[in-house]
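Chemist: just coords:
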Ligand code: TYD
């Protein structure tokens, strides 16, 4: 469902923070990066699954709650800049909430944007899962 066994490299000192990600750490070829910011406290983002897309999540600033679930399992992760890289396999429902005011979430994806890869309805998602 997801992996948390990789971390960015950290070079923090009295002159600031420098963090690096080698794409060789990511178990898929990265075709797209996007980042989410300026999210109001009341907003819930995500609420969908992807049929084939694999992704990774890295907080560049602030914090967010990430719920990962399917019809049998659910977990909530609080992501901060010190969290491991979250590598998310396809077929997992995700919900993002409680973005801190300074939250910047970077997402890497295995494919370019394709709306037909999204399942945005929970019941449709459960039906889809049962056919896998
Ligand atoms: P969406 O993936 O639903 O965002 P979130 O899961 O954070 O709520 O995308 C929001 C909108 O942005 C939707 O209209 C699709 C569009 N979008 C693109 O056009 N290209 C992209 O690479 C992404 C990630 C989203």
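Modeler: Looks like it came in fine. Source: prediction; values computed, not measured. Numbers count the residues shown, from 1 in each chain.

Chemist: ok, which stretches of the protein are strands?
Modeler: For the chain, applying DSSP state E gives strands covering 2-6, 9-13, 16-20, 32-37, 45-50, 55-61, 64-69, 74-79, 85-88, 93-97, 104-109, 118-119.

Chemist: which strands border the shortest one, and is each parallel or antiparallel?
Modeler: As defined by DSSP bridges, the strand partners of strand 118-119 come to strand 45-50 (antiparallel).

Chemist: likewise the fourth one?
Modeler: Strands adjacent to strand 32-37 in the sheet, as given by DSSP bridges, are strand 104-109 (antiparallel).

Chemist: residue nearest the centroid of this structure?
Modeler: For the chain, the residue nearest the mean C-alpha position is residue 57 (3.7 Å; C-alpha atoms, centre = their mean).

Chemist: OK, contacts around it?
Modeler: Counting by C-beta atoms under 8 Å, 6 or more residues apart in numbering, residue 57 makes contact with 66, 79, 85, 86, 88, 105, 106, 107. C-beta here means a position set from N, CA and C on the backbone, and glycine is covered the same way.

Chemist: can I get the strands of the chain in TSV with distance to the ligand and mean pLDDT?
Modeler: As requested, the strands of the chain are arranged in TSV below (distance: least, C-beta to the nearest ligand atom, whole Å; pLDDT from 0 to 100):
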stretch	distance to the ligand	mean pLDDT
strand 2-6	16	96
strand 9-13	26	97
strand 16-20	22	97
strand 32-37	5	98
strand 45-50	4	98
strand 55-61	9	98
strand 64-69	11	98
strand 74-79	14	98
strand 85-88	12	98
strand 93-97	6	98
strand 104-109	7	98
strand 118-119	7	98
